[in-house]
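Visitor: no sequence on this one, just coordinates:
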């Protein structure tokens, strides 16, 4: 499986591209039929940019092609990645679709609100996307924690499990309803104010967590994953710019580099 | 294939029933998978009343049961009719879902408006439903003419053909959105999740800035006020909880307290 990393230039171009809409990322999808049905639903609503993370079966996949029912351009243009983190590295705004409630400090929005935010991101030239988990298990907590917000569907609590392609359709449908964002164009970002990419954020997290490990803060080991998720969630909620991420690198370096106090 | 006719009394009872929602009528459906996927989408959104008009394959159908993924009550409760006219005879309000424009003097509404009218009908105790046509050809004009209004989906004109179950899902999703707002209660805050007070935030800022001053980071002095404002803005945007502020105190203490690296 090819791991494809795209540079910032490509991401900016993709974010600004007319009509492609947000990137739909299917994480470890199991059934080719669902990938194809998701592609069809995307193109019905004007979305064209599909990424797959570690699909269970071969890719390209004939069941996906059949279920796409003519949405060939979406299927043929799909990019394959090894991990969710790699698949979203160039995205400035990211939602994670989940059915189950999560014990994470990540804000929750519905599909309509997610679509409005995705339209605003597109209007601002920011690359954006939505993560969808595998059919049976959904996204892992670490994958949800990559996102700025959780996308939750207002389904029947007695029968909440949406088909994967159906979840993609609801988001795509809301995207289409949210219409051209030209109604209220957001202020263009000043230089240095562009939203940080996912890769820039992950790099900051690595830096911070490496120093905290060295300081013995992320301890005991069994609590480390939850502590890391909670820390990341705070910074993700802040909607950091690339310049702010650079500032925070400086903060971490300054704090970690000074001599131990005498006290 | 059984042709079942229900009297007006039954229809009134059905229309008034709690939660069953409008009747979904699939006319000459071809694929069992699509019937099952439609049933699943219905139940995800709280709809339970399915009718089939002359399904192409056997009924009950094992492909439908598999695709329903647990929406067994919808599949098992499905009623089968010989003609669309018979299937809708007891309904007081009826929409016909079509993709292609029709040269018929029937008003056209979108899914949101159809859902609001269906909710109003339910509140008035009127039995109501929606007709969906076969996968390839859609409804015949005579079938569309049974309806009070056409339900049209705002799809991509360059790729307008919705999967049958996807069309049912969009209508069912809008029905659910049009319902009482109890569907998606906001998660109550967990203990320790109360928003930090202004005093708690200022105390954190003092701690952080004191350590950064000691590390020589907030330098030169004439730039300090702007640097401090920018740092505070990031944390304020994150909407920190009181617990998160305590965690960040721990982060600053851990980073500032460790020995200088050898490098």
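Guide: That came through fine. Note that the coordinates shown come from a computational prediction; the quantities given were computed from them, not determined experimentally. Residues are numbered from 1 along each chain as shown, chains lettered A, B, ... in the order given.

Visitor: going forward, measure contacts and count neighbours with C-alpha atoms only.
Guide: Noted.

Visitor: which one is whatever residue of chain A ends up closest to chain B nearest to, not counting chain neighbours?
Guide: Nearest residue of chain A to chain B (Cα to the nearest Cα) works out as residue A:238 at 4.1 Å. Nearest non-adjacent residue to residue A:238, counting by Cα to Cα, 6 or more residues apart in numbering or on different chains: residue B:238, 4.1 Å away.

Visitor: Wait, the residue of chain A closest to chain B touches residue B:237, no?
Guide: Yes. Contact between residue A:238 and residue B:237 holds when scored by Cα atoms under 8 Å: they sit 5.0 Å apart.

Visitor: Looking at the two, which is more packed in?
Guide: residue A:238 (17 against 14; other Cα atoms under 10 Å in any protein chain shown).

Visitor: what's near enough to touch that one?
Guide: Contact analysis of residue A:238 by Cα atoms under 8 Å, 6 or more residues apart in numbering or on different chains lists B:234-239.

Visitor: one more time with 10 Å, if that's ok
Guide: Neighbour list for residue A:238: A:148, B:233-240 [criterion: Cα atoms under 10 Å, 6 or more residues apart in numbering or on different chains].

Visitor: cool, and residue A:235?
Guide: A:148, A:201, A:204-205, A:245, B:234-235, B:237-238, B:240.

Visitor: Pull out the buried residues from whichever strand or helix holds residue A:142.
Guide: Taking DSSP states H and E as the criterion, residue A:142 maps to helix A:141-144. Buried residues in helix A:141-144, counted by 16 or more other Cα atoms under 10 Å in any protein chain shown: A:143-144.

Visitor: From the contact counts, what lies against it?
Guide: helix A:84-87, strand A:93-97, strand A:128-132, helix A:224-237 (3 or more Cα pairs under 10 Å, 6 or more residues apart in numbering or on different chains; DSSP states H and E).

Visitor: Return the list of helices and strands in contact with the second one.
Guide: Counting contacts by 3+ Cα pairs under 10 Å, 6+ apart, the secondary-structure elements packed against strand A:93-97 are strand A:23-27, strand A:108-109, helix A:111-123, strand A:128-132, helix A:141-144, strand A:149-151, helix A:164-177.

Visitor: try the shortest one
Guide: Of the remaining helices and strands, those touching helix A:84-87 by 3+ Cα pairs under 10 Å, 6+ apart are strand A:23-27, strand A:50-53, strand A:79-81, strand A:128-132, helix A:141-144, helix A:198-214.

Visitor: for the third one, packing partners?
Guide: With contacts defined as 3+ Cα pairs under 10 Å, 6+ apart, the packing partners of strand A:79-81 are strand A:23-27, strand A:50-53, helix A:84-87.

Visitor: The longest one pairs with which strands?
Guide: Paired with strand A:23-27 in the same sheet, following DSSP bridges, are strand A:50-53 (parallel), strand A:128-132 (parallel).

Visitor: got the contact list for the first one?
Guide: Looking back up the chat, that one is strand A:50-53. Contacts of strand A:50-53 (Cα under 10 Å, 6+ apart): A:1-3, A:20, A:22-29, A:35, A:38-39, A:42, A:59, A:73-88, A:129, A:131-134.

Visitor: Try it again at 8 Å.
Guide: In contact with strand A:50-53 (Cα under 8 Å, 6+ apart) are residues A:23-29, A:39, A:74-75, A:77-84, A:87.

Visitor: From the residues you listed, list just the buried residues.
Guide: Burial by neighbour count, 16+ other Cα under 10 Å: within the contacts of strand A:50-53 this picks out A:23-29, A:39, A:74-75, A:78-82, A:84, A:87.

Visitor: any idea how far residue A:117 is from the residue nearest the centre of chain A?
Guide: For chain A, the residue nearest the mean C-alpha position is residue A:94 (3.4 Å; Cα atoms, centre = their mean). Residue A:94 sits at a distance of 10 Å from residue A:117 (criterion: Cα to Cα, to the nearest Å).

Visitor: which ones are touching the closest residue to residue A:196 other than its chain neighbours?
Guide: If the residues on either side of it in the chain are set aside, residue A:196 comes closest to residue A:242, at 4.0 Å by Cα to Cα, 6+ apart. Taking Cα under 8 Å, 6+ apart as the criterion, residue A:242 is in contact with A:192-197, A:200.

Visitor: for chain B, what are the nearby residues on the stretch 151-263 of chain A?
Guide: By the rule Cα under 8 Å from any Cα of the partner chain, the part of the stretch 151-263 of chain A lying against chain B is A:154-156, A:159-163, A:166, A:169-170, A:173, A:176-177, A:211-212, A:215-217, A:234-240, A:244, A:250-252, A:254-261.

Visitor: Taking these, please make a PyMOL selection of just the buried ones.
Guide: Entered in PyMOL, the line below selects the buried ones among these, by 16+ other Cα under 10 Å:
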select buried, chain A and resi 154+155+156+159+160+161+162+163+166+169+170+173+176+211+212+215+217+234+235+236+237+238+239+240+244+251+252+254+255+256+257+258
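
Visitor: which bits of the stretch 1-150 of chain A sit near chain B?
Guide: Proximity of the stretch 1-150 of chain A to chain B, by Cα under 8 Å from any Cα, involves residues A:40-41, A:43-46, A:71.

Visitor: Contacts only, for the residue nearest to residue A:176 when sequence neighbours are not counted.
Guide: Distances taken as Cα to Cα, 6+ apart place residue A:45 nearest to residue A:176, at 5.6 Å, with adjacent residues excluded. If you count contacts by Cα under 8 Å, 6+ apart, residue A:45 has them with A:172-173, A:175-176, B:155-156.

Visitor: just to revisit the earlier point, for the helices and strands packed on strand A:79-81, give me TSV that also has mean pLDDT.
Guide: Below are these laid out as TSV (pLDDT from 0 to 100):
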stretch	mean pLDDT
strand A:23-27	98
strand A:50-53	98
helix A:84-87	96
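
Visitor: quick one: contacts for residue A:234?
Guide: Applying Cα under 8 Å, 6+ apart, the residues contacting residue A:234 are A:105, B:238, B:240, B:244.
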